[in-house]
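Asks: Coordinates for the following, if possible.
(one chain, ligands or ions: 1)
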Amino acid sequence: MSVDLRSDNTAGAAPYVLEALAAAGTGTAASYGDDEITARLQQRVSEVFEREAFVFPVVSGTAANALGISALCPPWGAVVCHEGAHILVNEAAATSMFSGGAALLGLAGVGSRLTPEALTACFERTGWDDPHHSQPAVLSVTQATEMGEVYEPEQIGALATLAAARGLRVHLDGARLANALAALGCVPADLTWRAGVEMVSLGATKNGTMTADAIVVFDPAVAQELRFRLKRAGHVASKGRFQSAQLDAYLTEDRWLRSASRANAAMARLLAGLAELGYHPVVPARANLAFVAVPDEVSARWAQAGVQFYVIEPGVVRLVTSWATTDADITTALHHFETPSSGRSLTECAHRR
Ligand SMILES: Cc1ncc(COP(=O)(O)O)c(C=O)c1O
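Replies: The predicted structure is shown next:
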C-alpha cells in the first residue's frame, strides 16, 4: 500500500469545506464579495484574531504573499526574509513583480529561522537613505518555517521589534500558521499582532480548503489599498462567496486548529518511529513537515516500497503530513521504513551512517 508524504497540498478538500461550497451554491447572492457569507467571514476573522481585521480571499499562498507584501513595500524597497523563504525561492519573484520591482534579501539564520543577529547585521550593511541601495521596507517571517521549525511568539516579537525600529512593516507567511499555533498551543493574536505582525498570509489550502487562501491585515489604510491591488491582479472573484464559504467553514469551531493538530500528531508519530530506526530531522521539526537525513540508497528503497516523498538534496528527504493523514498511513509508512524491500536491513544502514 502506498503512502503519500510528498506535501500537504496533495490532500483533498476537507468534507466540511465541500459541504459549505454546496450550501453556498443555492440561490443568488451579491457578487464581488458583497455577499452575506463574505460579511460573516470578515466578522469571524476579527473574532479569531481578537481585534478588527480585514480579510481578502485569494486563490493561493503565493498570491497572498505577493499581493499582500506589495501593499507594504515601495518599488525601491527590499523585503527581508530567510534565504530559504518560499517568497524568495519558490514564487518566481511574484513579490517583486506585484510590488513593482522590490528586491528580496535572503538572510542566513539558524536552521530555517531568522535571528535578530542576522537582521541587525543586514541593517548595518544597508545604505539607508542611499538611492543606490534598495531600502529594507518589509520583514517577512515564515511560520511554521519551510523546514517545519516553529518560532516562539517572543522570537517573532524580537524580530518585529528590530524591524519596526527601522521602519519596516512585518508580514507573516502563514502557509502553516495553523500548524504552528497547534504546536505552540497559543492563540492567533499571540503569533501575529501582539508580536508585532501587521499582515498574515493565512495558508488555508494546505490544511483543508480547496481553492481559497487569504490575506489578513489589521491596518485599515493597507486594507483600502489592497482592494484596488487585488482587483488589478484579477483576484476579486465575481462569485467570491465560494471562496469566503471555504474560509468561513475552515475557521469555524477551530476546525483549522484541529486539522493542524492531526497533521502535527501524525508527523510526531512518524518522527518517533524514524528516530527508533536512527533517522533524524536536520533541524528540529515541530509542525507537520520535516527534512530528514537518510542515505540515498535507503530512501530509494522506501520509494520502491511505495512511500511517496521528495528528495530535497542528496541524503535529505522531505516528509509532510496533512489533516488527511491517517494513523494507518503512518503505520504503513513505518512498516515500509523498517522493512527493507531488498538488500541490507535499514537498521544496518542506519548504523553504518
Ligand atoms: C511556506 C510556504 N509559503 C507559501 C506557499 C505558497 O502557497 P501556494 O502553493 O498556495 O501558492 C507555500 C506552498 O508550498 C509554502 O510552503
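Asks: Close to the ligand: what parts of the stretch 51-200 of the chain are there?
Replies: S60, G61, T62, N65, H86, T142, E146, D173, A175 (Cβ under 6 Å from any ligand atom). (Glycine included, C-beta is placed from N, CA and C.)
Asks: Just the ones of the residues you listed in helices?
Replies: G61, T62, N65, H86 (DSSP state H).
Asks: Most neighbours among these, please name it.
Replies: N65 (32 neighbours; other Cβ atoms under 10 Å).
Asks: and the residue of the stretch 201-350 of the chain nearest the ligand?
Replies: T205 (5.1 Å; Cβ to the nearest ligand atom).
Asks: I'd guessed that residue sits against G61; true?
Replies: Yes: between T205 and G61 a contact is recorded at 6.7 Å, counting by Cβ atoms under 8 Å.
Asks: which residues do these two both contact?
Replies: Both T205 and G61 are in contact with D213, where contact means Cβ atoms under 8 Å, 6 or more residues apart in numbering.
Asks: A164 - how many residues pack around it?
Replies: A164, neighbours per other Cβ under 10 Å, totals 14.
Asks: Three-state assignment for it, please.
Replies: Put simply, A164 is helix when judged by DSSP: H, G, I helix; E, B strand; the rest coil.
Asks: Residue numbering should commence at 41 henceforth.
Replies: That works, and once the first residue is 41, the last one we named lands at A204.
Asks: And it, how close does it get to the ligand?
Replies: Per Cβ to the nearest ligand atom, to the nearest Å, A204 is found 23 Å from the ligand.
Asks: Once you drop chain neighbours, what's closest to that residue?
Replies: Distances taken as Cβ to Cβ, 6 or more residues apart in numbering place G236 nearest to A204, at 6.1 Å, with adjacent residues excluded.
Asks: show me the contacts for the one you found.
Replies: By Cβ under 8 Å, 6+ apart, the contact set of G236 is I196, G197, L199, A200, T201, A203, A204, V210.
Asks: how about the residues you listed, which pair is most distant?
Replies: Farthest-apart pair in the contacts of G236 is I196 and A204; separation 12.0 Å (Cβ to Cβ).
Asks: quick revisit: dig out what the nearest residue to the residue of the stretch 241-390 of the chain closest to the ligand once chain neighbours are set aside forms beta bridges with.
Replies: Spatial nearest neighbour of T245, excluding adjacent residues (Cβ to Cβ, 6+ apart): D253 at 5.4 Å. Applying DSSP bridges to D253 yields these beta-bridge partners: V98.
Asks: what about D253, distance to C162?
Replies: 28 Å (Cβ to Cβ, to the nearest Å).
Asks: I352 belongs to a helix?
Replies: No: looking at I352 with three-state DSSP, it is strand, so not inside a helix.
Asks: thinking it is in contact with F331, fair?
Replies: Yes: the pair I352 and F331 passes the contact test of Cβ under 8 Å, sitting 6.1 Å apart.
Asks: shared neighbours of these two, anything?
Replies: Once Cβ under 8 Å, 6+ apart is applied, the residues that I352 and F331 both contact turn out to be R358.
Asks: between the two, who's got more neighbours?
Replies: Using other Cβ under 10 Å, the more surrounded residue of I352 and F331 is F331, with 22 against 13.
Asks: ok, now which ones touch the more buried one?
Replies: M187, G188, P321, V322, V323, A325, I352, V356, V357, R358.
Asks: The fourth one: what's it in contact with?
Replies: For V322, the contacting residues are M187, F331, V332, A333, V356, by Cβ under 8 Å, 6+ apart.
Asks: Any stretches of this protein with poor pLDDT?
Replies: Residue ranges of the chain with pLDDT under 70: 380-393.
Asks: pull the longest helix from it.
Replies: The chain, longest helix under DSSP H: helix 295-317.
Asks: how much space is there between the closest residue to the ligand within the stretch 141-290 of the chain and G101?
Replies: Nearest to the ligand in the stretch 141-290 of the chain, going by Cβ to the nearest ligand atom, is A215, at a distance of 3.3 Å. Going from A215 to G101 by Cβ to Cβ gives 5 Å.
Asks: Over to K271?
Replies: K271 sits 20 Å away from G101, going by Cβ to Cβ.
Asks: what's the answer for C162, then?
Replies: According to Cβ to Cβ, C162 and G101 sit 24 Å apart.
Asks: One more: S174?
Replies: From S174 across to G101, the span is 24 Å (Cβ to Cβ).
Asks: what about the longest strand in the chain?
Replies: Ranked by residue count, the top strand of the chain under DSSP state E comes out as strand 175-182.
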